[in-house]
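A.B. asks: sequence first, predicted model second:
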Amino acid sequence: MAKVASWAPGRFFGTGSTRVRLVGLSACGLAMEGLLLAFIVLYTNFPSGHSFIYGISLRASELSRSLWPYPILEFSPGQFSWWALSVIAGLWVAYGWAYLLVPKHLAGSAPRGFLVALVIGHAVFSVTLAAALPSVLASDAFTYTIYGRMVSVYGVNPYTTAGFAVGADIVTPYLRWGNETSRYGPVWVLVSTLITLLAPASAMANVLAFKMSAALFSAMNCLLIYVLAKHLGGSGVRALALYAWNPLILIETAGSGHNEALMTTLVLGAILLAVRNRWYLSSSALALAVSIKYLPATLAFFLAARVVAAKGSLKSATRLLLTMVGIGMAVICVVYLPFVIAGADCQQLLSGLNPGMTSLRNPLWIAQASLVFALTKDGRDVAEAAAAAEAILTAAGQTCFAVVLLTSAVLAGIRRWSWDRVVGTWGLLALGYTVLVYGGMYPWYLIPPLAIAYVVRPSRIRWWLLGSSTALAVVFTLVYGLPLPMRPVS
């Protein structure tokens, strides 16, 4: 009888104003689905002869037309910009309204309807974007495909051979970075190899496979965020609402297939395991995340601080930390080993670890421009001055970040910060590093900081992280609606 009562309509839907909120949430979901479909139609008809600062892959649109009967429309740059900005702004308005409709305090006894509605909405949005949005906004899925096929089809080491070197391939016409070796860690190359092994031998099938994989990892992130937010004392349902319906996250994971989805899964998993005192598994998950892109390595300092705070005894904390470091290094060695055996040296394996300032995509471009101007006064030509300015700013940025990172980690250990504060501080530092220090700035780089912002309970750090990351997400997605009179990259 109790089992039947637990599924009563009131238990699922709530009563009174709660049902009104659920109806409103469903309406927001329908509005977002309609806007996402409009977004897809717009970007399959991007104005010819134009691009934007992130670059665009127009051939991806041509490829997708072989799968779906998209309407053929002609937009002038001004018309496209008006419609695109309206659609993107509409997505953010619907998303914000949906979040406000989720009650602030949802305990375990709250109606399940909110949780179900959010999960169904995320699934519908993800499937729509993965299946129908061409990879026009980022051609990384084609790059992932060639690196995977270099191993699975050609038996070539992607750390010693550039993509174009394998000759004509199913994705060669769509590559933007085919003249470079892999700039991703070995975990992602191995995942790419597996995906290309399972996908049919066509460019469209491989791109769809990568986008569907990103959608799957993003769905796993939904679960991790829900559980981790509850562990840290926040509202799991509200955290889920912030992540699951976020327009930038949807477009950059299921829509474009970026590997930040998997990296975020591993980072959230490492944090959740550490919160549950599963230190060895946590260090393994973090090592796997670092073996995709190296930014998660900075989290290790904060995990170490929590170990010191949790153990109390310096001797036992040191023993545990050394074991965790050993496990992490062992995992990294295992995933790198196949590529070392295949002939890659250390420099080739770490080729992606060379951040620098990119003038049009980093807020420090003003400082770089000023420095270039000062150096050219000494008689240097502009190219030489720009290279010197980049080297100076890169070194200064990395040094400043290292000082702030180590200081924060030491304070976290000495003052025994709570998990909530530790995670929030790392998220804020990761966002600052991504925006100010790391070379270049792309919308999909915001996915990990956004995820961290959602799991932290309300606090001053959380509001800084949430406000700044969301503001950047809105601005960066709106840039997609501003075509520039440039030749398409591909």
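C.D. replies: Yep, it's here.
A.B. asks: can you show me the helices along the stretch 101-250 of the chain?
C.D. replies: Ranges of helices within the stretch 101-250 of the chain are 113-132, 140-152, 186-198, 203-231, 236-244, 247-252, based on DSSP state H, counting those that start in this stretch.
A.B. asks: name the SS class of the nearest residue to L133 once chain neighbours are set aside, please.
C.D. replies: Distances taken as Cβ to Cβ, 6 or more residues apart in numbering place G255 nearest to L133, at 4.5 Å, with adjacent residues excluded. Bear in mind the C-beta positions are built from the backbone N, C-alpha and C, glycine included. With DSSP: H, G, I helix; E, B strand; the rest coil as the basis, G255 sits in coil.
A.B. asks: pLDDT wise, what is G255 at?
C.D. replies: Predicted confidence (pLDDT) for G255: 94.
A.B. asks: that one contacts K211, doesn't it?
C.D. replies: Yes. The pair G255 / K211 is scored as a contact, 7.1 Å apart, by Cβ atoms under 8 Å.
A.B. asks: more neighbours: these two, which one.
C.D. replies: G255 (31 against 24; other Cβ atoms under 10 Å).
A.B. asks: quick check: phi and psi at that one.
C.D. replies: phi -70, psi -40 (degrees, to the nearest 10).
A.B. asks: surely G163 meets R149?
C.D. replies: No. Here G163 does not reach R149: they are 9.1 Å apart, not a contact under Cβ under 8 Å.
A.B. asks: need the overlap of contacts for those two.
C.D. replies: With contacts defined as Cβ atoms under 8 Å, 6 or more residues apart in numbering, no residue is adjacent to both G163 and R149.
A.B. asks: secondary structure element for F401?
C.D. replies: helix 382-414 (DSSP states H and E).
A.B. asks: what's the helix or strand containing G432 in contact with?
C.D. replies: According to DSSP H and E, G432 maps onto helix 419-432. With contact meaning Cβ under 8 Å, 6+ apart, helix 419-432 is reached by 231-233, 271, 275, 295, 298-299, 302, 305-306, 401, 404-405, 408, 412, 417, 446, 448-449, 452-453, 455-457, 459, 461-462, 464-465, 468-469, 472.
A.B. asks: if you set the cut-off to 6 Å instead, what comes out?
C.D. replies: 232, 275, 299, 302, 306, 405, 408, 412, 449, 452-453, 456-457, 461-462, 465, 469 (Cβ atoms under 6 Å, 6 or more residues apart in numbering).
A.B. asks: right, and L242 touches I452 too?
C.D. replies: No. Counting by Cβ atoms under 6 Å, L242 does not reach I452; the two are 11.2 Å apart.
A.B. asks: more crowded one of the two?
C.D. replies: Between L242 and I452, I452 has the larger neighbour count (other Cβ under 10 Å), namely 28 against 25.
A.B. asks: so the more buried one, which state does it fall into?
C.D. replies: Taking three-state DSSP, the label given to I452 is helix.
A.B. asks: residues contacting it?
C.D. replies: G427.
A.B. asks: what of the one 4 residues further on?
C.D. replies: When the contact criterion is Cβ under 6 Å, 6+ apart, the partners of V456 are D420, V423, G424, R462.
A.B. asks: pull out the buried members of the residues you listed.
C.D. replies: D420, V423, G424, R462 (16 or more other Cβ atoms under 10 Å).
A.B. asks: and the nearest residue to Y445 once chain neighbours are set aside, its phi and psi?
C.D. replies: Distance criterion Cβ to Cβ, 6+ apart; nearest residue to Y445, sequence neighbours excluded, is T434 at 4.9 Å. Phi and psi for T434, reported as degrees, to the nearest 10, are phi -60, psi -40.
A.B. asks: can you get me a residue count around T434?
C.D. replies: Count around T434 with other Cβ under 10 Å applied: 19.
A.B. asks: the residue nearest to L133 and N45: what is the separation?
C.D. replies: Per Cβ to Cβ, to the nearest Å, G255 is found 16 Å from N45.
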